[in-house]
Every structure is written in C-alpha cells, then in structure tokens.
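S.K.: I need the structure of the sequence given here:
(2 chains)
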Amino acid sequence: MTATAPVDPTTASSATSPTGRGSAAAGARTTSTAGAAVALRGVVKEYAGHVALRGVDLDLAPGELVALLGPSGCGKTTALRTLAGLETVTEGRITVDGRDVVDVPTHRRDVGMVFQAYSLFPHLTVQQNVEFGLRTRRVARAERATRAAEMLDLVGLGELGGRFSHQLSGGQQQRVALARALVTRPRVLLLDEPLSALDAQVRVQLREEIRRLQRELAITTLFVTHDQEEALAVADRVAVMRAGAIEQIGTPEQLYSAPATRFVAEFVGSSNRLRAEVVDGRVRLPGQEVAAVGSPDDGEAWAYVRPEDVTFADRGVAGVVESVSFLGAVCRTRVRTSPDDVVVLDHRAHERREVGESVHVAFTPRAVAVVPFG
Amino acid sequence: MTRRRGAPGTALRKAVLAVVGAVFAVPIAAMVAFSLRSADGTGHDLGHWTALAAPENERAYRSLVEGVTNSLVLAAVTAVLVLVLLVPTMVVVHLRYPALVRPLEFVCLVPVTVPAIVLVVGLAPVYSVVSRVAGSGAWTLALAYGVTVLPYAHRAVQADLAATDLRTLTEAARTLGSGGVATLLHVVVPSLRRGLLAAAFITVAVVLGEYTIASLLNRVTLQTSLVQVSRSDPFAAVILALLALLLAFLLLAVVGRVGSAGAGRPVLPGRDVAATAPAPARKALS
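M.R.: Now for the predicted structure:
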C-alpha cells in the first residue's frame, strides 16, 4: 500500500530554510530546523527465515509526524530501525530528500532518535549527555554549552544540567533523551515507543510536549507506538501495521471513522461488529438503515459501530444488561441481544442501567464503516 | 522488623562472621607477629622490616628485587592483554553475537578446571617455541597468565555487561553521530568502567600470587623468589607476602571506591563487581 503524504499546514508553515541548520549563532534560541521528506519504497527485512517487513511503502512529508501503530511483533520498530540504519534492509529503498540512504551508516544519517529504554549515558551529566551529539560533530565548546542549555530549557529541564541519569525520574530521562536527539537539529526524528515505560499521567504530559516541540521545530518525525490513543492524539497521520505490512494509513479521523480493513476496525478503538447488508450505499442495521462510509459493494458485510454511536432507546434492539463498567467520563455497558451477540455502548453516568435489566438499544451513527465478509 | 522464617539470628550471624573473620585474621596476625620478632627472639621490633631496605643486604635480596620487578611487568602486560583482547571480544559477542555468550563463558571458565600443573605440561612445549621466537624474557609468561586470569576477568566484565544496556547506549551514540571507535572509547569503556577496573585489578592480584607456572617454567617472579628467600630468610619472605596481600586488598578497595565514586549509575544490589573480586584474589595470594 502506497501512502500519500499530505502536509499539515501548521507544521509546513513553520518549517525554515536549511540555512538555519548549523549556523547556530550563539545565544540564538533554537526554535526551528528543516524537516526532510522521507520515503520508504518496498522495504523488505528478513531475519533468518523470518520476514519482519513485507514491502513497506511509506512517505513522510517535511515537518510531518507519522505514527506507526500496531500490535507487538508487527514490524513497526523494525521499520523505524531500518530508517535509522540500525537494521540493514534486505530489499527496497529508503530516501531522505530524494537521496538513497540505505548504504549510509547510522552515524552519518542525520537522524535523532529516542529509544523505548532509557538510553542516557550513565557516566555523563545531563548537560554532557545533551552535548554528546555536538561533540561528535566537533562543535566548539562554548556553542555546545549554549545549545545544550537552550534545548534543556526547551524541554523544561534547564535546572538539571548537572545531574546524572540515575538522579532523574523516568519522564525526566526521556525529556533529556529528546533534548539530546534534537540538539543536533536532525532532519528526521525517530521515536521508538518513548513513553511506554512511563506512568499514565507523565505519558500524556510528555506526548503533548513532544508534539509541541515537533511542531515548533518542524521536524519530520516517525513515532512508533502500540498505544492507539497515543497515536491518534499526536500524529498528523497514522499508519497501522500488521504482520510486516501497512494495512492502512490516514489521518486519525480517517482511521477511526473509515477503517479499510477488519483488522484496522478492530484494532483502532472499540467497535461493535454487526452483521449487515449493503444496498445502494446504505447499510441495513438491525432496526434501521444508515449511510455507509465510502462506496462498498452491495451484499452482506460486517458493519462497525462505535460504542458512542449506540444509545438506550424506547424502541430498537431488545436485550438484557450483562455488565456495567464505570470509566470516569462515561459508563460502558454490555447488552446481550441474542445468545451469540453482545452490543457495547458508552453513555453518561446518569443513564446507568442495572445488570439484568431489560433494555432497548438503537444505533445512531451518521455513517458506518463496513468491511466485506472474509 | 520480623525475622524471615529459617533465617539465622543476629547472634548466630555475628558468630559466623567472627569465625570466618578469624580464619583470615589469625594467619595474618601471626605473620605480622612473626615478622616483628626481634633477632634474638626475646621481644619484638622493626628490625626485619628495616633490614629489607638496608644497603648491606642488597646482594641477599637481589633475586627478590628481580622477582618483584618481573611480577610487576607481568601484571601490567597481562592486564593489557586482558583489556585489549578479552574486553573487545566480550563486547562484540554481547552486541552482535549474543548466541555465543554462553560458549564464550564456557571457554573462559575452562582454566579454572585445569590444575596449574596440568596446564604447565601443555605449556612447556609451547614455551619452547615462544622462547625461540620471542626470547625467554619474564614478560612472555604473561601469555600463560592471560589464560589463567580469564575466568576472573571474564566474570568481572560480564557482571558489568549484564547490568548495562550496552546495546541501547551504543545505538544511541551511533544515532548521535558517533562512529565505531568513538563509541567504544566514549560510551562503552566509561559504561563498563567498574568491570574493566575490577578485571585489571584482579588480574594484577592473580599474577602477583601465581607460583606454580612460574616455578615449573623456571621464571623468576615474586612468588618464586619469595620461596627462594624464605629458605635463608623466612622473615623477609613473610614481610613481602604481607605487603603483597596489602597491595591486593588496596587494589580491591580501589575497585569498589573508584567504580562508585562521582559519576555513573548507582551500585545495584547483587551487581557490585567489587563484591565478587576478593575471592579469587585471596585465593591467588593464599
């Protein structure tokens, strides 16, 4: 599947010219860099007898943030590592601004990377860690110090430059890792599940921080995650991977409202899968008929209805409440409508029903995604 | 705090500690007392200690000086051999060929299972060749010592490798523009500092305490010259044995201090390399 690459106007407009790179006038605040256009073309990666990537095609526009989303073992980290040069490519091309980098070693690819595991050098202070990439580029000492301090300020850790990694929390370590990756002003930023080791509250804070920095620096970013909420929240586009291939790529809204495959429909968000019939672009659901997303062929198909598009009603499909879970903002109720079918709906807490209560549910989507049987 | 069921009580633990401490302390105290015995045997003084530095005894202790010098050279050469050959091998295996970690560990542990006397039987013909090619200088013994210290050096470095996510650190360095050699020097070596220090110091301790191979291959080292001197002057031999023991303890103390001082990660329970160090060193010097 080849992905198109729409440019997010908010990021594209903030991109600066390449002359901003490396000039680094001392004292000037590091606010922008030039993201590169990245393309993976038919990338195949095989380990002994195991195919990790099966011809991945992916485009990233300059300044765009694309999330690679998928279950464990689907190849998303491998795809990112091939882009970093940490894994060789069995077949295919990887280009950065049109230049094939497949044979370029990692240390010459001009990428910044934040790892899932804490990767700060334990023998260096925070300031020295951030300066590391500048030292390898032989940047003068004074400029190194200035740029590292600016970047630490940018991630909100300007006061912690003298500490060692073991004196920082997990969230602080990942912020430093982000500063270290960005201080060299790479043209591509690679994030390999950088939030997965953090607790929920810090994850949300840091992902917003990452998004803010990414927009501010207009840096092309590939963000690997298995957390769909994370992917949908931060990405311009999300590529859903399965078994070494990209199943679908699109904006978060497209993925959520118009999944192209059964896997995407079931992996991204929660859905009720209902047997339905498509007739002339309309989907016949139990008790009602709604528009179909896209232009599906007529015939029997699976219709995917989100729990928030199901409501309690006076009339509709009859069932018995099987369980009720309080999720904070909403309640999630499971209603058994037949021995083989359960409908899940999200509703406000004051609409709560009791387990065992007889209810009717109605499907209220403006349009539903359908996927052919099979 | 309640005591875990089946765990020994405080009194028992102190008693065990006292007995074990006595096993080490009594012989050392006896050596100290013996070395301080006066020449006429009626009291104690520093006569035997000061006699070591007396100019008139230079001829008598010449072989001792040669032995000490040779052992120090051997310790240095062996430590360099271990650091230059073993450590890069272990790092490469750890990062690129993890399937070979166990086989490498097995190979490195083999010297522990081979008695020194058996080792010498195999080394003798090898050293006849070495002597023809590289001469019979004391330093050549470092080749054999490099093999005998493998188990201890490997253990020390392996403990640090296991405690460090070296793969992620080296990959991070590469993405930051660091090439292979720079990554080795600026990331790998500092990250494994404790293990490298431990390996080097344990190597020194083992080399200073080795006797069998040097004796059977007719080389003059600290231990062989101590044996020789002890026949005519047991006081000097005991004093030098004490000094060697002290040096080993100092080296091991330095491992613990330097490794955890200032920068670096905290010492994790069960991962303190220094804690593993005294056993082989003490064994080598006993």
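S.K.: Only C-alpha atoms from now on, for both contacts and neighbour counts.
M.R.: Will do.
S.K.: what about the closest residue to residue B:139 other than its chain neighbours, which helix or strand?
M.R.: Among residues not flanking residue B:139 along the chain, residue B:74 sits closest, at 5.3 Å (Cα to Cα, 6 or more residues apart in numbering or on different chains). Residue B:74 is part of helix B:62-81, with elements assigned from DSSP states H and E.
S.K.: by contact count, what packs against that helix?
M.R.: Contacts defined by 3 or more Cα pairs under 8 Å, 6 or more residues apart in numbering or on different chains; DSSP states H and E place helix B:62-81 against helix B:141-148, helix B:193-209, helix B:222-232.
S.K.: which parts of chain A sit against chain B?
M.R.: For chain A, the residues in contact with chain B (Cα under 8 Å from any Cα of the partner chain) are A:84, A:86, A:106-115, A:117, A:119-125, A:132-133, A:136-137, A:164-166, A:181, A:184.
S.K.: on that earlier part again, ok, the residue nearest to residue B:139 - contacts?
M.R.: B:138, B:139, B:141, B:142, B:207 (Cα atoms under 8 Å, 6 or more residues apart in numbering or on different chains).
S.K.: Quick one: distance of stretch B:70-88 to the chain centre.
M.R.: 11 Å (Cα atoms, centre = their mean, to the nearest Å).
S.K.: What of stretch B:87-96?
M.R.: 22 Å.
S.K.: Can you pull out the low-pLDDT segments for chain B?
M.R.: Residue ranges of chain B with pLDDT under 70: B:1-4, B:255-256, B:258-286.
S.K.: Name the residues of stretch A:347-358 that come out as buried.
M.R.: A:347, A:352, A:353 (16 or more other Cα atoms under 10 Å in any protein chain shown).
S.K.: In strands, which of those residues appear?
M.R.: Among those, the members found in strands (DSSP state E) are residue A:347.
S.K.: any idea which of the buried residues of stretch A:347-358 is the one closest to residue A:363?
M.R.: For the buried residues of stretch A:347-358, the minimum distance to residue A:363 (Cα to Cα) is 12.8 Å, reached by residue A:347.
S.K.: Can you tell me how far the closest one is from chain B?
M.R.: For residue A:347, the distance to chain B equals 45 Å [Cα to the nearest Cα, to the nearest Å].
S.K.: Please apply the same query to residue A:335.
M.R.: Counting by Cα to the nearest Cα - residue A:335 and chain B are separated by 47 Å.
S.K.: so how far does stretch A:103-114 reach from one end to the other?
M.R.: Its start and end residues considered, stretch A:103-114 measures 22 Å (Cα to Cα, to the nearest Å).
S.K.: Give me the distance from it to the chain's centre.
M.R.: Mean-position distance between stretch A:103-114 and its chain equals 21 Å (Cα atoms, centre = their mean).
S.K.: what mean pLDDT does that stretch have?
M.R.: Per-residue pLDDT over stretch A:103-114 has a mean of 95.
S.K.: Tell me which residues of that stretch come out buried.
M.R.: So stretch A:103-114, judged by 16+ other Cα under 10 Å, has buried residues A:105, A:106, A:107, A:108, A:109, A:110, A:111, A:112, A:113, A:114.
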